[in-house]
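Trainee: A structural model of the following input is requested.
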Amino acid sequence: MNYKEILKNINTLIFDYDGVLTDGTVLTTEVGEQYRTGYVRDGYALHLALKKGYNVAIISGGTSHSISKRLETLNLKDIYICVSDKVGTFNEYLEQKNIDPAQVLFMGDDIPDYKVMQMAGLPACPADAAEEIKSISKYISPFKGGHGCVRDIIEQLMKIQGTWMNDDAFEW
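Mentor: Next comes the predicted model:
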């Protein structure tokens, strides 16, 4: 089935953080603080998806609490960081929200995302994902991690479902 056909039934978006919402570069200070850069339009798309009623979650092995702080500014509540077992967290989240895995888009970029991506209805990845991840993805964004891949897939989803560019899209 074409990924655009699958998008019609997606109601849940789950993303890895490092390498998807960031370019994967982590700068660490002498005291251990970690800095990452992201793409502001990815943030807007996440915020809009939440506003439109989609379930949105982050499941990341990342260990910095700056991840949570960034996502909380976008009103994300379902933030799972320091996760060593993404499959377990994925299953718990779906059970808690009563979500069918076929209705889930999961975007990841590297080997720790492999098994959980196989469980999602629409596994997707950025253009610079690991080859193993690309091989199981039903959609590979033309954009790299941290450079618009999240905006790309959310915009496509919302356009197909008729929720993009409605009146409330113009207000934060």
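Trainee: tell me who's in contact with residue 120.
Mentor: Residues counted as contacts of residue 120 (CB atoms under 8 Å, 6 or more residues apart in numbering) are 14, 90, 101, 104, 105, 106. All C-beta spots, glycine's among them, are computed from the backbone N, C-alpha and C.
Trainee: again, but for residue 105
Mentor: Residue 105 neighbours (CB under 8 Å, 6+ apart): 7, 10, 12, 13, 14, 120, 121, 122, 123, 124, 153, 157.
Trainee: run the chain-centre distance for the helix or strand bottoming out on mean pLDDT in the chain.
Mentor: Least confident helix or strand of the chain, by mean pLDDT, DSSP states H and E, is strand 34-35 with a mean of 76. Offset of strand 34-35 from its chain centre (CA atoms, centre = their mean, to the nearest Å): 20 Å.
Trainee: what about the residue in the chain sticking out farthest from the centre, which SS state?
Mentor: Residue farthest from the centre of the chain, counting by CA atoms, centre = their mean, is residue 30 at 29.8 Å. Per DSSP: H, G, I helix; E, B strand; the rest coil, the local secondary structure of residue 30 is coil.
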